[in-house]
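**Student:** Sequence and predicted structure are below.
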Amino acid sequence: MTPERGGGAPEEPRRHKLMFDNTWTFTTLLAAVLALAWWQLGLAEFEVGPVIWTLAALAAAQFLLNSFARDATSTATLGHFALCSQLLGTALVAVSWHLFGGIQQPLYPLIIVLPLLTGTLVLTFWQQQIAIAALLAVLASGVLLSPDTNSFIQQRYGISLLSTHVLPGFLPRSRVVFPDVSTSPAYDLLFTAMVAVLGIALSTTARALVTLCRRDAVQVAALEQEVDRLRQATRELVTRTPAPVLVVSSTGRIVHASDRLIEAFNLEVISEPFLLDAIAFKHPQVVRRLMTAGGEDIQPAKVQGRERLLRVRAEVLPRSSSPLTLLSIESGDDLCLRNELDALDEPVFAIDADGRLTHLNRAAITLFGSDADGAMATAVFDEQAAHWWEIAPLVSARHLLDYRDRRYSAAIRRVRVAESAGELSFVQLAERRSAA
């Protein structure tokens, strides 16, 4: 819905009413300029004073109506003020038209149609029909106040319109202001009918266009709301995701960051909106390449004054313009642990709750082979003591193992990794050499 201003009518109808009022101001000015130009250039013989005073009265009356309309509390009230303004303007422009020659210049009433083009934004369908009927009444008054046209209709068709002799004296008669122009009553009637059709066509076309634009505007507003909802959902998905991820633009500006990432690295996304400012990577050019091309890399970096080893995974999100990149930044402590284990000369591995070998270091893979990962411990070690790695309730223990005619001392430590994953038994083998 359009927001209301100060508890009054909605803001959008007020803007439409302002456009309508400005059109009437332009229409009044145009009518005055036409009258002054024709009078100054001597193209028409009429008294310009009454025409200008009539248009000045129209401008003053429109100003008063617009002042009252500022306090309107609803869209319907604005429509009523707009209809009053249209009818008042139609009446006074009709008076100035008759003072300016009347039916001798039937195009003059077309300026009444100008406010109707913007009035379709404010007026309802029936209010617009009333305004069109007022325009047709103005054109009909041109016929009624033209003695030549009246007599022509009576002689040709036997239809007696209102006699000009019975009209009040204060009504202005259509005057002959263009003595050098001679037209027949039939031509005047045809031209007036064409003006009426043109005015109706313009007003109806404007309303059809306004209706179409409003329907499209409703669809656009609905699409904008859906886009905003999707953007909000995307922001929530990134923010609430349990992984340490963030979305950055091609310039490195952080668009969204997950709470997990902010918490893990204690980032100040608001004060440091750029990734390379928030995390001081040792090789920033590599991170820039990842943000534009995607990929994976392990980078040393300084975060909050502390040296960290980070695993950076980048996925470029396809977009038509301003591409975005999804970055996953994880601590590389597990890599350090893996490297430390691989650096040991002694075999180290773990046995899970199902009795399978896992987490073998390089020395263990060399000893047991690459197929040992996932193999059953009972198949690798031929021991009489079944499930020798299960040392509960002890936390640590030692056990002697035989493997391929060699004897090893196995240091076993029981570790609970997670509540749902159960316990792992980590085993470190040390070969026992016989005394020489």
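**Tutor:** Received, thanks. Residues are numbered from 1 along each chain as shown.

**Student:** Show the pLDDT at the closest residue to residue 422 other than its chain neighbours.
**Tutor:** For residue 422, ignoring the flanking residues on the chain, the nearest one in space by Cβ to Cβ, 6 or more residues apart in numbering is residue 353 at 4.1 Å. For the C-beta atoms, the positions are set from N, CA and C on the backbone; glycine is no exception. Residue 353 is assigned a pLDDT of 84 by the prediction.

**Student:** Quick check: residue 353 is in a helix.
**Tutor:** No. Applying DSSP: H, G, I helix; E, B strand; the rest coil, one finds residue 353 to be coil, outside a helix.

**Student:** Please verify my assumption that it contacts residue 423.
**Tutor:** Yes. In this structure residue 353 lies within contact range of residue 423 using Cβ atoms under 8 Å: 6.3 Å.

**Student:** Of the two, which one has the most company?
**Tutor:** residue 423 (17 against 11; other Cβ atoms under 10 Å).

**Student:** So for this protein, which residue is the most central one in space?
**Tutor:** residue 224 (4.2 Å; Cα atoms, centre = their mean).

**Student:** Flag every buried residue along the host helix or strand of residue 408.
**Tutor:** In this structure, residue 408 sits in strand 406-418 according to DSSP states H and E. Of all the residues in strand 406-418, those buried under the rule 16 or more other Cβ atoms under 10 Å are 408, 410-412, 414.

**Student:** Averaging pLDDT per element, find the lowest-scoring helix or strand in the chain.
**Tutor:** Using mean pLDDT, DSSP states H and E, the weakest-scoring helix or strand in the chain turns out to be helix 147-157, at a mean of 64.

**Student:** Strand partners (parallel or antiparallel) of the strand holding residue 408?
**Tutor:** strand 396-403 (antiparallel), strand 422-431 (antiparallel) (DSSP bridges).

**Student:** Please produce CSV containing the ones you listed, extended by distance to residue 76.
**Tutor:** Compiled in CSV, the strands paired with strand 406-418 are given as follows (distance: least, Cβ to Cβ, whole Å):
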stretch, distance to residue 76
strand 396-403, 85
strand 422-431, 72
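
**Student:** can you tell which of those strands is closest to residue 59?
**Tutor:** Checking these against residue 59 by Cβ to Cβ gives strand 422-431 as the closest, at 89.6 Å.

**Student:** list the buried ones in that closest one?
**Tutor:** 423-429.

**Student:** what's the answer for stretch 87-106, then?
**Tutor:** By 16+ other Cβ under 10 Å, the buried positions in stretch 87-106 come out as 88-106.

**Student:** Could you do stretch 184-191 as well?
**Tutor:** In stretch 184-191, counting by 16+ other Cβ under 10 Å, buried: 185, 188-189.

**Student:** Over to stretch 44-64?
**Tutor:** Buried, per 16+ other Cβ under 10 Å, within stretch 44-64: 44, 46, 48, 51-52, 54-55, 58, 61-62.

**Student:** for the record, mean pLDDT for it?
**Tutor:** Mean pLDDT, stretch 44-64: 89.

**Student:** try stretch 215-233
**Tutor:** For stretch 215-233, the per-residue pLDDT averages 89.

**Student:** Tell me how far it lies from the chain's centre.
**Tutor:** 6 Å (Cα atoms, centre = their mean, to the nearest Å).

**Student:** So what touches that stretch?
**Tutor:** Outside stretch 215-233, no residue is within contact range by Cβ atoms under 8 Å, 6 or more residues apart in numbering.

**Student:** Export it to PDB, keeping only CA atoms.
**Tutor:** C-alpha atoms of stretch 215-233 as PDB (Å, rounded to 0.1, in the frame of the first residue of the first chain):
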ATOM      1  CA  ARG A 215      -2.000  -3.200 -13.800                       C
ATOM      2  CA  ASP A 216       1.700  -3.500 -14.800                       C
ATOM      3  CA  ALA A 217       2.600  -1.400 -11.700                       C
ATOM      4  CA  VAL A 218       0.800  -3.900  -9.500                       C
ATOM      5  CA  GLN A 219       2.700  -6.800 -11.100                       C
ATOM      6  CA  VAL A 220       6.000  -5.000 -10.800                       C
ATOM      7  CA  ALA A 221       5.300  -4.200  -7.200                       C
ATOM      8  CA  ALA A 222       4.500  -7.900  -6.600                       C
ATOM      9  CA  LEU A 223       7.700  -9.000  -8.300                       C
ATOM     10  CA  GLU A 224       9.700  -6.400  -6.300                       C
ATOM     11  CA  GLN A 225       8.300  -7.800  -3.100                       C
ATOM     12  CA  GLU A 226       9.100 -11.400  -4.200                       C
ATOM     13  CA  VAL A 227      12.700 -10.300  -5.100                       C
ATOM     14  CA  ASP A 228      13.000  -8.600  -1.700                       C
ATOM     15  CA  ARG A 229      11.700 -11.800   0.000                       C
ATOM     16  CA  LEU A 230      14.200 -13.900  -1.900                       C
ATOM     17  CA  ARG A 231      17.000 -11.600  -1.100                       C
ATOM     18  CA  GLN A 232      16.100 -11.700   2.600                       C
ATOM     19  CA  ALA A 233      15.900 -15.500   2.400                       C
END
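
**Student:** Thanks a lot, see you next time.
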